[in-house]
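K.L.:
structure, please.
(one chain, ligands or ions: 1)
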Amino acid sequence: KTIFNNIELLPPDSLFNIKQRLANDSRSVKVDLGIGAYRDDTGKPWVLPSVREAEKLIQEDPSYNHEYLGIAGLPTLTQGAARVLLGEDSPALREGRVVSVQSLSGTGALHIAAKFISKFCGDKLIYLSDPTWANHKAIFETQGLKTANYAYWNAASKSLDLEGYLRDIKAAPNGSVFVVHACAHNPTGLDPSKDEWSSILDTLAAKEHIVLFDSAYQGFASGSLDEDAYALRLGLKKLAPVTPVFVCQSFAKNVGMYGERVGCFHLVLPQQDAAVDQKAVASAISSQLARITRSELSNPPAYGAKIVSKILNTPELTAQWYKDMITMSSRIHKMRIALRDHLVKLGTPGNWDHIVGQTGMFSYTGLSPQMVERLEKEHAVYLVNSGRASIAGLNSGNVEYVARAINEVVR
Ligand code: PMP
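P.N.:
Sure, this is the predicted structure:
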């Protein structure tokens, strides 16, 4: 009678389901260390002062409206976004080698990249770090692409498995796609050092792999938007002479507009000899990217794009945003120290220095799935079962409680 009767029921998304369980939890003290979203020291979502000011300016503007954007999005956003990530003095920007389109946040940028790769890059394997953000695999595989892992995290030493990483880059078929986290690696909170980046990028370049930089946390690692673009900018220097570079950029976290879905996809073309009409190549790529967007969303959402564009193109607001980034990243860093110090004071078995050494929003705590389950059941402290904790969920009112809970489940 109906073709839908035998549809398989899928389990709920493990990350978003935490939110549901939290809502259903009637205990008075609950702590959300699940989703990577910034909270202030009272545990509330934070609207950045730069965003508030930009919203005011936009709404006061007599030309304020809600018209459609063009298919490629708001040009002042995509250009400003490219500058903040690639750098004001980027040779690729100067030489017109960057094709940019607006996307539905970072996820949409990755989706465009996956579609583009499946259409124009042949049968390439997509290499993801082990571990990585859970959605990476789903996004690429939904486009029919095959994924593989490269070594990243050494669980025993809670450090980078550089040897394994380089080995896997060398072992991959030439011209494979490597997805790398531009900074603040999710879930481990562990980024390569500058020296390590240098050898990783040299090895990627030698194999002519196509690198996709996923930049979802620019500013959260060091507090500086420029410092956090270090790997990407070095990557462009080392890779772009030979191979194209994909860049997927999210503004969800660093402007704190998670639900507005502001992002960009940038394709940086390699330097080519004078015989190639670079402009024509860029135009052809733009037209293909436009076709992808047109068939899927017609045109990207405007409101968040206008806000971010206003911030990027108004010097006082840009300066305020840089300050907001420091406010967020330094509060998270303070919470890392507080959590570690409480655990040490409680004499919790094990070494907890990695919580302070890790960077960005997350700590890969090393807590086992059983410990995570007990944290939730017995203490109403929620995190994903990989042991990844969103440190932004800690504040001066709950950090000691969380440390006591961890202390109890670890013993
Ligand atoms: N990449 C990584 C590594 C992420 O952690 C996230 C968000 N959790 C994204 C991309 C995309 O986020 P959004 O679609 O909200 O911009």
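K.L.:
could I get the contacting residues of the most centrally placed residue in the chain?
P.N.:
By CA atoms, centre = their mean, the mean C-alpha position of the chain lies nearest to residue 216, the distance being 2.3 Å. If a contact means CB atoms under 8 Å, 6 or more residues apart in numbering, then residue 216 has 106, 133, 181, 182, 184, 186, 248, 250, 252, 253 as its contacts. In short, each C-beta sits where N, CA and C put it, glycine included.
K.L.:
if you set the cut-off to 7 Å instead, what comes out?
P.N.:
Residue 216 is in contact with 106, 250, 253, counting by CB atoms under 7 Å, 6 or more residues apart in numbering.
K.L.:
try residue 221
P.N.:
For residue 221, the contacting residues are 183, 184, 191, 228, 359, 360, by CB under 7 Å, 6+ apart.
K.L.:
so for the fifth one, what's the pLDDT?
P.N.:
So that's residue 359. On pLDDT, residue 359 comes in at 96.
K.L.:
count residues in the vicinity of it, would you?
P.N.:
For residue 359, the count of nearby residues is 23 (other CB atoms under 10 Å).
K.L.:
could you look up the SS state of the closest residue to it other than its chain neighbours?
P.N.:
Leaving aside its chain neighbours, residue 359 sits nearest to residue 221 (4.4 Å; criterion: CB to CB, 6 or more residues apart in numbering). In three-state terms, and counting by DSSP: H, G, I helix; E, B strand; the rest coil, residue 221 is coil.
K.L.:
cool, residue 41 as well?
P.N.:
For residue 41, the assignment made with three-state DSSP gives coil.
K.L.:
distance check, it against residue 254.
P.N.:
Residue 41 sits at a distance of 19 Å from residue 254 (criterion: CB to CB, to the nearest Å).
K.L.:
of the two, who's got more company?
P.N.:
Neighbours around residue 41 and residue 254, counted as other CB under 10 Å, are more numerous at residue 254. The numbers are 26 against 13.
K.L.:
and the nearest residue to that one once chain neighbours are set aside, how far from the ligand?
P.N.:
Counting by CB to CB, 6+ apart, residue 219 is the residue found nearest to residue 254 once chain neighbours are left out, at 4.6 Å. Look at residue 219 and the ligand: by CB to the nearest ligand atom, to the nearest Å, they are 14 Å apart.
K.L.:
isn't residue 219 right up against residue 325?
P.N.:
Yes: contact between residue 219 and residue 325 holds when scored by CB atoms under 7 Å: they sit 3.9 Å apart.
K.L.:
residue 372: what's it in contact with?
P.N.:
Contacts for residue 372 were tallied using CB under 7 Å, 6+ apart; they are 383, 385, 387.
K.L.:
which one of these has the most neighbours?
P.N.:
Top of the contacts of residue 372 by neighbour number is residue 383, holding 25 neighbours under the definition other CB under 10 Å.
K.L.:
which stretches of this protein form strands?
P.N.:
In the chain, strands defined by DSSP state E lie at 31-32, 98-104, 125-130, 146-151, 153-154, 159-160, 177-181, 210-215, 245-250, 262-268, 362-364, 381-382, 388-390, listed in chain order.
K.L.:
adding mean pLDDT, distance to residue 403 and mean neighbour count, write those out as TSV.
P.N.:
Formatted as TSV, those follow (pLDDT from 0 to 100; distance: least, CB to CB, whole Å; neighbours: other CB atoms under 10 Å):
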stretch	mean pLDDT	distance to residue 403	mean neighbour count
strand 31-32	96	11	22
strand 98-104	98	38	26
strand 125-130	98	29	21
strand 146-151	98	32	16
strand 153-154	96	24	18
strand 159-160	96	23	16
strand 177-181	98	28	24
strand 210-215	98	32	26
strand 245-250	98	31	26
strand 262-268	98	35	28
strand 362-364	96	13	27
strand 381-382	98	10	23
strand 388-390	97	12	26
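K.L.:
those: which one's closest to residue 48?
P.N.:
For residue 48, the closest of the strands of the chain is strand 262-268, at 12.7 Å, according to CB to CB.
K.L.:
could you give the angle of that closest one to strand 245-250?
P.N.:
What separates the directions of strand 262-268 and strand 245-250 is an angle of 170 degrees, with axes from the mean of the first three to the mean of the last three CA atoms, to 10 degrees.
K.L.:
check which helices and strands strand 262-268 is in contact with.
P.N.:
Using 3 or more CB pairs under 7 Å, 6 or more residues apart in numbering; DSSP states H and E, the elements in contact with strand 262-268 are helix 75-86, strand 98-104, helix 105-120, strand 245-250, helix 303-313.
K.L.:
possible to save those as TSV with distance to residue 371?
P.N.:
As requested, these are arranged in TSV below (distance: least, CB to CB, whole Å):
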stretch	distance to residue 371
helix 75-86	37
strand 98-104	36
helix 105-120	30
strand 245-250	30
helix 303-313	38
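K.L.:
which residues of the stretch 1-150 of the chain lie near the ligand?
P.N.:
Applying the criterion CB under 6 Å from any ligand atom, the portion of the stretch 1-150 of the chain that neighbours the ligand consists of 36, 105, 106, 107, 133.
K.L.:
can you tell me the closest non-neighbouring residue to the first one?
P.N.:
With sequence-adjacent residues excluded and distances taken as CB to CB, 6+ apart, residue 36 is closest to residue 361, at 4.6 Å.
K.L.:
can you count the residues close to the one you found?
P.N.:
For residue 361, which is what you asked about, the neighbour count (other CB under 10 Å) is 27.
K.L.:
next one: residue 112
P.N.:
With other CB under 10 Å as criterion, residue 112 counts 24.
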